[in-house]
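Q: Predicted model and sequence follow; I will ask about them next.
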Amino acid sequence: MGALSPAIIPALLAAPRTARADQALLTSVSYAKRRRIRRRIQVRAEAAKQATINFSDLDWKSKYQSDFEARFRIPHITDVIPDAASYPSTFCLKMRSPISSEFSEGYPSDEAWHGYINNDDRVLLKVIRFSSPTSAGAECIDPNCSWIEQWVHRAGPREKIYFKPEEVKAAIVTCGGLCPGLNDVIRQIVITLEIYGVKKIVGIPFGYRGFSDTSLAEMPLSRKVVQNIHLSGGSLLGVSRGGPTVIDIVESMEERGINMIFVLGGNGTHAGANAIHEECRKSGLKIAVVGVPKTIDNDILLMDKTFGFDTAVEEAQRAINSAYIEAHSAYRGIGIVKLMGRSSGFIAMQASLASGQIDICLIPEVKFNLHGPHGVLNHLKYLLERKGSAVVCVAEGAGQDLLQKTNATDASGNIVLGDIGVHIQQEVKKFFKEMGQPADVKYIDPTYMIRACRANASDGILCTVLGQNAVHGAFAGYSGITVGICNTHYAYFPIPEVIAQPKVLDPNSRMWHRCLTSTGQPDFI
Ligand SMILES: Nc1ncnc2c1ncn2[C@@H]1O[C@H](COP(=O)(O)OP(=O)(O)O)[C@@H](O)[C@H]1O
Ligand SMILES: O=P(O)(O)OC[C@H]1O[C@](O)(COP(=O)(O)O)[C@@H](O)[C@@H]1O
Ligand SMILES: [Mg+2]
């Protein structure tokens, strides 16, 4: 978010609210209102942050930076167990034959180069130096847009580990909806754990539910079991929404003797993982809880992208191309493709940009009208007259203000959205029928075909690195963390920082403007 004008800060802060009150407000209002309120809450939080900074203090920058460093500090086992012992890492960077015991007691400490990550290594979070708050996509701390370095912790294997591999029982759980790459991450976690020397590795079946449903048995995992699982989509372990309470999960982990848990999921799953981590801390348990963000929508904060997103954009090309061929081959044909993206239009935008076949891209972050002189329908009429066909790409969360509210939620408490794709299809048909003009409308929803795909090469690599780094993080004694790619480098983040709110597309960003340039669409308001 750009810098706020100092003049509006006092007004925004005039009615301070608590997080609980904000939440209550959010659950009691309509979807459209909720988005506006969320934006206000976000603006207020930003205002509060800026208001607490005294820019006339010559030291404000270094104070801001130390505050940032504290926020992004990654929790460690020694925070609750100060005397937890550390050992030389059993993850050796020198290759050895699996049957050799050359480094079984740890890596020789007299080596000049060992290639581990130093705990003080950092990755730069923001790499653009904006010279003005009016620059496209500017994120400024102060009204002058001063350059302030923001560093996050570099991911990777450490020289010292806080768990003896023979004492580890590691578990992996996959929650939420499917996403290409889940099997790749599971595979890499298992392989890396084995390299450290862990023998007890299990999969928890069907998400958090597997912790409470006694009819579901743990799945023993080994390199042999996971060797080829990345060749198909889905999750070897199964997924689910909803499930037991955090206390029940922690009790179940204790009963099973699990002391390392790898949680693969989106914002909901990570909220759960962080709550599990906090519960373990409260009880003084030596358990490492490490997340790997799984969100096909790409809506987790601070990361370049999440795994599965790239595959989704690539697979969406097939649906868009089919819609284009259908529309182009029909007399006055209109193709409509609905893509995933509950609150963020990243898949719709990138897929539109990649295909070059989209005339209208609609995303949750940008309001639009269907009807009226500047509406989508009138533009479709213009496109049919000008070029004979048109293709629309709409994100599932777009235009929810145009739909009847269902007030329904899924088992995890996520709002069940109205079907904007079907709505647009019906409105387009009605519009042309009422005008007495022909229009051949074809609608494609490829959601589940995309989600069930196996990861493409680029996601396969991302999953590999994330899975390995998750294990390195747990062995290094970190907990309540998640791993992501940041300016092409890999970093550990404290979970709350990446799920504070869904990452949304900035309508003032260069990328959205590139998309608009490519489609040639006007503003539909
Ligand atoms: N705030 C929360 N605290 C604890 N667990 C949560 C929370 N939100 C969701 N969960 C749990 O996380 C799992 C996945 O959540 P869901 O929202 O369906 O998917 P995703 O993780 O992809 O966002 C579910 O089992 C759900 O019960
Ligand atoms: O049909 P389901 O399983 O509820 O999933 C639908 C949702 O899954 C997603 O593809 C991904 O959602 P999650 O990240 O919460 O798993 C959304 O875009 C979509 O709304
Ligand atoms: Mg979610």
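A: Good, I have the coordinates. Ligands and ions are numbered 1, 2, ... in the order given.
Q: and Tyr490, bridged to which residues?
A: Per DSSP bridges, the residues bridged to Tyr490 are Ile485.
Q: Tell me which stretches of the stretch 201-350 of the chain form strands.
A: 219-220, 260-265, 288-293, 333-339 (DSSP state E, counting those that start in this stretch).
Q: which one of the ones you listed has the most crowded surroundings?
A: strand 288-293 (a mean of 30; mean count of other CB atoms under 10 Å). Backbone N, C-alpha and C define where each C-beta goes, glycine included.
Q: count of neighbours near Lys224?
A: Lys224 is flanked by 9 other residues according to other CB atoms under 10 Å.
Q: burial of the residue in the chain positioned nearest to ligand 3, as a residue count?
A: Closest approach between the chain and ligand 3, counting by CB to the ion: Gly266, at 3.8 Å. Gly266 has 25 neighbours, counted by other CB under 10 Å.
Q: looking at it, it is touching Gly291, isn't it?
A: No - Gly266 lies out of contact with Gly291 (CB atoms under 8 Å); the separation is 9.7 Å.
Q: what about Tyr492, helix or strand, and which?
A: For Tyr492, the host element (DSSP states H and E) is strand 489-494.
Q: That strand to strand 288-293, inter-axis angle?
A: Counting by axes from the mean of the first three to the mean of the last three CA atoms, to 10 degrees, strand 489-494 lies at 120 degrees to strand 288-293.
Q: Could you name the helices and strands sitting against strand 489-494?
A: Other elements packing on strand 489-494 under the criterion 3 or more CB pairs under 8 Å, 6 or more residues apart in numbering; DSSP states H and E are strand 122-124, strand 151-154, helix 457-475, strand 481-486.
Q: Just the angle for that strand relative to helix 457-475, thanks.
A: Computed by the same axes, to 10 degrees, the angle between strand 489-494 and helix 457-475 is 50 degrees.
Q: Strand 489-494: how far from the chain's middle?
A: Relative to the chain's own centre, strand 489-494 is displaced by 13 Å; criterion: CA atoms, centre = their mean, to the nearest Å.
Q: and the protein, which residues reach ligand 1?
A: 175-177, 207-208, 241-243, 246, 265-269, 271-272, 275, 412, 414 (CB under 6 Å from any ligand atom).
Q: Phi first, then psi, for Asn183.
A: The phi/psi pair for Asn183 (degrees, to the nearest 10) reads phi -70, psi -30.
Q: where's it relative to Thr447, distance?
A: 19 Å (CB to CB, to the nearest Å).
Q: Neighbour count for these two, which is higher?
A: Taking neighbours as other CB under 10 Å, Asn183 and Thr447 compare with Asn183 leading, 23 against 18.
Q: Need the nearest residue in space to the more buried one, chain neighbours excluded.
A: Ranked by CB to CB, 6 or more residues apart in numbering and with sequence neighbours excluded, the top spatial neighbour of Asn183 is Ile229, at 4.2 Å.
Q: Do I have it right that that neighbour meets Arg187?
A: Yes - contact criterion CB under 8 Å: Ile229 and Arg187 qualify, at 5.5 Å.
Q: Mind checking which of these two has more residues around it?
A: Shown here are Ile229 and Arg187; by other CB under 10 Å, Arg187 has more neighbours (24 against 19).
Q: and the host helix or strand of that one with helix 457-475, angle?
A: Element membership of Arg187 [criterion: DSSP H and E] is helix 182-196. Going by the same axes, to 10 degrees, helix 182-196 is angled at 40 degrees with respect to helix 457-475.
Q: So which residues on the stretch 201-350 of the chain come close to ligand 3?
A: By CB under 5 Å from the ion, the residues of the stretch 201-350 of the chain that approach ligand 3 are 266-268.
Q: Tell me which residue is most central in this protein.
A: The centroid of the chain falls nearest to Ile300 when counting by CA atoms, centre = their mean (3.0 Å).
Q: Tell me where the model's unsure across the chain.
A: The chain contains residues with pLDDT under 70 at 1-51, 94-113.
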